[in-house]
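[1] Return atomic coordinates for the entry below.
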Amino acid sequence: MLDHVLVAADNALRTLAGTRHASRPNPADACQDNGALGDAERRRASGLMRVNHVGEVCAQALYQAQALSTRDPTLRVHFEHAAREEADHLAWTQQRLDELGSRASALNPLWFAGAFGIGLIAGRIGDAVSLGFVVETERQVEQHLESHLDALPAADLRSQAIVRQMKEDEARHATSAEQAGAVELPPPVRWAMRAAAKVMTTTAYYI
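    Residues are numbered from 1 along each chain as shown. Model (predicted):
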């Protein structure tokens, strides 16, 4: 257990310090960097990618907390694998923010702490509920990313490539959690999660 706690602490520090590295090539590398974005388009893309970066900060916290709280070694490996793929998203969105001359959310420690707490609570309730949180979270994120594909500037092909790959990965994570034994969360819980996500995304776009 001490080893798992130390791993979670190291992950938290590297996530918040912005030092995570991707294990897969950045999907944006296949696109030419389009320098034709106007100031308004660049601000728009920066806000949307900052929101996506916050989502990945929360994903790291959620999966690490769930890996820490489960007593099932197989499920712990499942959560840790998903967290590694989400770390790719974190690195890609950070790189794109740097390219756009922008920054990550100043409230990332708050978002991380909140998601970590939710992950611990879900894990303590039971593995099926914990997996249910994964399914609902990933489904909501998938819808959110789909809306970003429509909202990003048409010329921002690099951001679009990143978001498209993220959306594909999130859908796969949700399906894997369902197959691992997730239970469907009650409607009030799903509504509360949507409301909390709305507050987070609206705030992170600017701050």
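[2] what stretches of the protein score poorly on pLDDT?
    Across the chain, the ranges flagged by pLDDT under 70 are 1-20, 33-35.
[3] tell me, which helix in it spans the most residues?
    helix 39-69 (DSSP state H).
[4] what residues are up against G123?
    Listed by Cβ atoms under 8 Å, 6 or more residues apart in numbering, the contact partners of G123 are 65-66, 68-70, 130. For every residue, glycine as well, the C-beta is placed using N, CA and C.
[5] does the residue of the chain positioned farthest from its centre count as helix, strand or coil?
    Distance to the chain centre peaks in the chain at A36, reaching 28.3 Å (criterion: Cα atoms, centre = their mean). Here A36 is recorded as coil under DSSP: H, G, I helix; E, B strand; the rest coil.
[6] how far away is it from R42?
    In this view, A36 and R42 are 10 Å apart by Cβ to Cβ, to the nearest Å.
[7] how would you label E184: helix, strand or coil?
    coil.
[8] Quick check: buried residues in the next helix or strand after the longest helix of the chain?
    From helix 39-69 onward toward the C-terminus, using DSSP states H and E, the following helix or strand is helix 73-99. Residues of helix 73-99 classed as buried: 75-76, 78-80, 82-83, 85-97, 99 (neighbour count, 16 or more other Cβ atoms under 10 Å).
[9] for stretch 143-153, same thing?
    Neighbour-count burial for stretch 143-153 [16+ other Cβ under 10 Å]: 144-145, 148, 152-153.
[10] Check the gap between the residue nearest to the spatial centre of the chain and P187 for me.
    In the chain, the residue lying closest to the centroid (Cα atoms, centre = their mean) is E56, at 2.4 Å. E56 sits 27 Å away from P187, taking Cβ to Cβ as the criterion.
[11] give me phi/psi at the closest residue in space to the residue farthest from the centre of the chain that isn't next to it in sequence?
    Leaving aside its chain neighbours, A36 sits nearest to A155 (5.6 Å; criterion: Cβ to Cβ, 6 or more residues apart in numbering). Main-chain dihedrals, A155, degrees, to the nearest 10: phi -80, psi -10.
[12] One more: R164?
    phi -60, psi -40.
[13] count of neighbours near it?
    R164: 14 surrounding residues under other Cβ atoms under 10 Å.
[14] And it, how close does it get to A195?
    Following Cβ to Cβ, the distance that separates R164 from A195 is 27 Å.
[15] so which of the contacts of G123 is the most crowded?
    Highest count within the contacts of G123 by other Cβ under 10 Å belongs to S130, 30 neighbours.
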